[in-house]
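Colleague: 3D model of this:
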Amino acid sequence: MNKLKNFPLIFQNIDKLKGVGTKIKHLLKKKKIEKISDLLWSFPKGFTDRTNQTTLNLLEIGKITTIKVKALKYNFPRIRNLPNRVTCEDSTGKIDIIFFNSREGYIRKLLPLNDWIIISGKVNFYKKKYQITNPPYIVPLHKEDYVKRNIAKYSLTEGLTEKIYRKLIEQVLKNIPNFEEWHTQDILKKIENKKWKESIINLHNSKNSLDINSSFYKRLAYDEILANLLVLSQIRIRIKRVKKIRKNFDEQLSKLLINNFPFELTKNQKKIINEIKKDLKSNYKMFRLLQGDVGSGKTIISLIAASNAIESKSQVAFMAPTEILAKQHRDLAKKIFSKTSVNIEFLSGKTKSFDKKKIINNLKNGKINLLIGTHALFQKNIVYKNLGFIIIDEQHKFGVRQRIELASKGKENCDILVLSATPIPRTLILTHYGDMDISKLVEKPLNRKEIITISKPEEKINEILSFLIKQISFKNQIFWVCPLIKESEKLDYEAAIKKYEFLSKKFYKRVGLIHGALTSDEKEKVLNKFLNRSIDILVSTTIIEVGIDFPNANVIIIENSNKFGLSQLHQLRGRVGRGLNQGTCILMYKKNLSDNAKKRIKILKSTNDGFKIAEEDMKLRGFGDVLGYQQSGIKDFKIADPVHHESLFRLAELNIKEIENNTENYAKYENLLKLYDKVNLIKNISN
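Modeller: Okay, here's the model as predicted:
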């Protein structure tokens, strides 16, 4: 893209506005407002009607009223903590204006005696007198129209008054430039022909600002969607522009692995293996997301892909987010490659110094074919002789910036495969993974049985306990999931610690407990006990949600299931039934379920399809919480909503393809990218 030109006032820092000193700047920063343009996206949360103007004999208690009065008398008590009072009047009566924490000189200046003034605030009645306390608006008569109107209410932080904030917003709105239109006439027609400037002004001055389906709101939502897609488009173009040395292999190694599997690959798995194979053999760098439902066989696919890369004389790095999950991948890889000469090693932050030195040396010399581990795989002192393929597991927390960094690892000859077991609705895939090629694994392994899902009220816990006794006699293990680890005064459900104590009395020493307050070593110790079957029941918080595979765990009880989102419940359910035996999920709930909670439980009982569940979850809860991770970057839309604006997402998808076909088009979107703070991302891509 061309270098950005000098931008108008709205793109400068917030302290360039009149009235913004150190104190106001600090208060605005609390609201994540650092640039002047940030004010634009903080739309009103409502409007205060100050048009009600009346005389003092017609005042209504509790009503916001605008009055025209003159100051008659001051009362400034010399006793600490007593308020200052100014008695005002009109021809029909008197009213006291009360000030807390205001200085005498300020009040005298604001309300000079015998001058007519406009005051607006909520009317109260105290000791047989009308009064207004700390009125937000006191202005001279010539500013009556400024106050007597519907005034926008904003979400403010303590110390930032409506009056101060309104002055800042009005400064910005007065200085909005007439940008040259970045959309084509065809696109404008499809988004109801609203201009950017009129849209932003309308949403700050009209009650329509609360209507996300208004034509003005939709115009700005479309701009934001397109700005996101423009960044991802640039990343995708940059990656596709990177030429690499194609990987040559005749698939002898992968065929050997597949022939030794005790199961048959699904059609879906074979299709994705071919997609990855084609990428490896191409002259362009692969950057692919393999999105598969829980237990669908993503790891098998990634290891087959790894075998092809190894056959082409490339080294492979396979990174997982936790040590226990990385070790499971290592164990599976060693089992799969047991009849080959492939050298597999494991590396984590806990690897002993002597072993680590040996691995580093062997890695440099090319003696290690496949290195599996945690983030330790990419420390500065880890040097590969010929790294050609990176597999990243469960990186649902990766944002766009991290993916830009990831795409540059392993230099130009390194292909990248990112795995995710978190089903993501289509609109979110488009706007957050649009820089990647997507492979979707929807079929479950042929030998995998559907998980039976039932719901039970907590009063029937004895029935559940009887069921568990029977399951343990069948050599099955059980997860018992609780939302909290300590009792809470606000929430009325059982905590994991209390449940652990309860179950320990019933099942003696066959119960374990794991939660977020444990150290990594403590968690691993408990999980290994469960994996080695020295305990039958594992009481846990949601930290068991993703990744770890316990083939003998075939029952999961989710307590207070109504407190979880649909996608999170599905992820938890996916921890069981991963072997050959039937999996069972029991959703426990308290009485008086909300309609929304009833819907969630009904949907989960009706399907095991994670992608369908994710779509339904987004409709029920809104897009920001679908993944259950604040740090996922998913909730980074200021305006657009993938549920309500799905048609705009589809339009932008077509629009971005047209833009990509004519790269000169990008220059005219510079202002749009600046408005949505995307310019630095574009610069990072270009560097």
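
Colleague: Now Lys674: closest residue in space, sequence neighbours ignored.
Modeller: Of all residues not flanking Lys674 in the chain, Phe11 sits nearest, at 5.6 Å (C-beta to C-beta, 6 or more residues apart in numbering). (Each C-beta comes from the backbone N, C-alpha and C, glycine too.)

Colleague: What does that neighbour show for phi and psi?
Modeller: Torsion angles at Phe11 (phi, psi; degrees, to the nearest 10) stand at phi -100, psi 0.

Colleague: Give me the secondary structure label for Ile61.
Modeller: Three-state call for Ile61 (DSSP: H, G, I helix; E, B strand; the rest coil): coil.

Colleague: and it, what is it in contact with?
Modeller: Taking C-beta atoms under 8 Å, 6 or more residues apart in numbering, we find Ile61 in contact with Val123, Asn124, Phe125, Tyr130.

Colleague: Pop out the phi and psi values for it.
Modeller: Given degrees, to the nearest 10, the pair of backbone angles that Ile61 has is phi -70, psi 140.

Colleague: Need the three-state assignment for Tyr562.
Modeller: Just so we're on the same page, residue 562 is Asn rather than Tyr. Applying three-state DSSP: Asn562 is helix.

Colleague: ok, so what distance separates it from Lys605?
Modeller: 13 Å (C-beta to C-beta, to the nearest Å).

Colleague: and what of Asn150?
Modeller: 48 Å.

Colleague: on that earlier part again, a markdown table for the contacts of Ile61, including distance to Phe47?
Modeller: Output for the contacts of Ile61, formatted as a markdown table (distance: C-beta to C-beta, whole Å):
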| residue | distance to Phe47 |
| --- | --- |
| Val123 | 19 |
| Asn124 | 22 |
| Phe125 | 26 |
| Tyr130 | 25 |
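
Colleague: Would you check that the residue nearest to Lys674 makes contact with Glu34?
Modeller: No: applying C-beta atoms under 8 Å, one finds Phe11 not in contact with Glu34, separated by 11.8 Å.

Colleague: And the two? Which one has more around it.
Modeller: Using other C-beta atoms under 10 Å, the more surrounded residue of Phe11 and Glu34 is Phe11, with 18 against 14.

Colleague: Next, count neighbours for Glu660.
Modeller: Using other C-beta under 10 Å, Glu660 has 16 other residues around it.

Colleague: Can you give me every residue that contacts it?
Modeller: Glu660 neighbours (C-beta under 8 Å, 6+ apart): Ser233, Ile237.

Colleague: Please report how far it lies from Gly434.
Modeller: Distance from Glu660 to Gly434, by C-beta to C-beta: 11 Å.

Colleague: which residues are common contacts for the two?
Modeller: With C-beta under 8 Å, 6+ apart, Glu660 and Gly434 have common neighbours Ser233.

Colleague: helix or strand right after the lowest-mean-pLDDT helix or strand in the chain?
Modeller: When the helices and strands of the chain are scored by mean pLDDT, DSSP states H and E, helix 400-407 comes last with a mean of 56. As assigned by DSSP states H and E, the chain's next helix or strand after helix 400-407 is strand 415-420.

Colleague: Helix or strand next in line after that next one, which one?
Modeller: helix 426-432.

Colleague: counting contacts, what elements does the strand or helix carrying Phe530 pack onto?
Modeller: Element membership of Phe530, judged by DSSP H and E, is helix 520-531. Helix 520-531 is packed against helix 323-336, strand 511-514, strand 537-540, with contacts defined by 3 or more C-beta pairs under 8 Å, 6 or more residues apart in numbering; DSSP states H and E.

Colleague: and the last one, what does it pack onto?
Modeller: It stands for strand 537-540. By 3+ C-beta pairs under 8 Å, 6+ apart, strand 537-540 packs against strand 477-481, helix 496-507, strand 511-514, helix 520-531.

Colleague: again, but for the second one
Modeller: In terms of contacts (3+ C-beta pairs under 8 Å, 6+ apart), strand 511-514 is packed against helix 496-507, helix 520-531, strand 537-540.

Colleague: dump the residue contacts of the closest residue to Gly574 other than its chain neighbours.
Modeller: Nearest residue to Gly574, sequence neighbours excluded (C-beta to C-beta, 6+ apart): Val294, at 2.6 Å. Neighbouring residues of Val294 by C-beta under 8 Å, 6+ apart: Ala421, His570, Gln571, Arg573, Gly574, Arg575, Gly610.

Colleague: Can you tell me which of those is closest to Arg241?
Modeller: Ala421 (30.7 Å; C-beta to C-beta).

Colleague: Could you check the pLDDT of the closest one?
Modeller: We have a pLDDT of 76 for Ala421.

Colleague: swap in Asn150?
Modeller: pLDDT, read off for Asn150, is 88.

Colleague: What is the burial count for it?
Modeller: Asn150 - counted by other C-beta under 10 Å - has 15 other residues nearby.

Colleague: go on, Ile119?
Modeller: Using other C-beta under 10 Å, Ile119 has 23 other residues around it.

Colleague: So it lies in a helix, does it not?
Modeller: No: according to three-state DSSP, Ile119 belongs to no helix; its state is strand.

Colleague: Is it in contact with Ile138, as I believe?
Modeller: Yes: Ile119 is in contact with Ile138 according to C-beta under 8 Å; the separation is 5.2 Å.

Colleague: Would you check how far apart Gly62 and Lys73 are?
Modeller: For Gly62, the distance to Lys73 - C-beta to C-beta - is 26 Å.

Colleague: more crowded one of these two?
Modeller: For Gly62 versus Lys73, neighbours defined as other C-beta under 10 Å are more numerous around Lys73 (12 against 9).

Colleague: Bridging across strands, which residues link to the more buried one?
Modeller: Beta-bridge partners recorded for Lys73 (DSSP bridges): Thr87.

Colleague: residues contacting it?
Modeller: Val86, Thr87, Leu113.

Colleague: Show me which parts of the helix ranked longest in the chain are buried, residue by residue.
Modeller: In the chain, with assignment by DSSP state H, the single longest helix is helix 215-241. Within helix 215-241, the residues that qualify as buried are 216-236, 238-239, counting by 16 or more other C-beta atoms under 10 Å.
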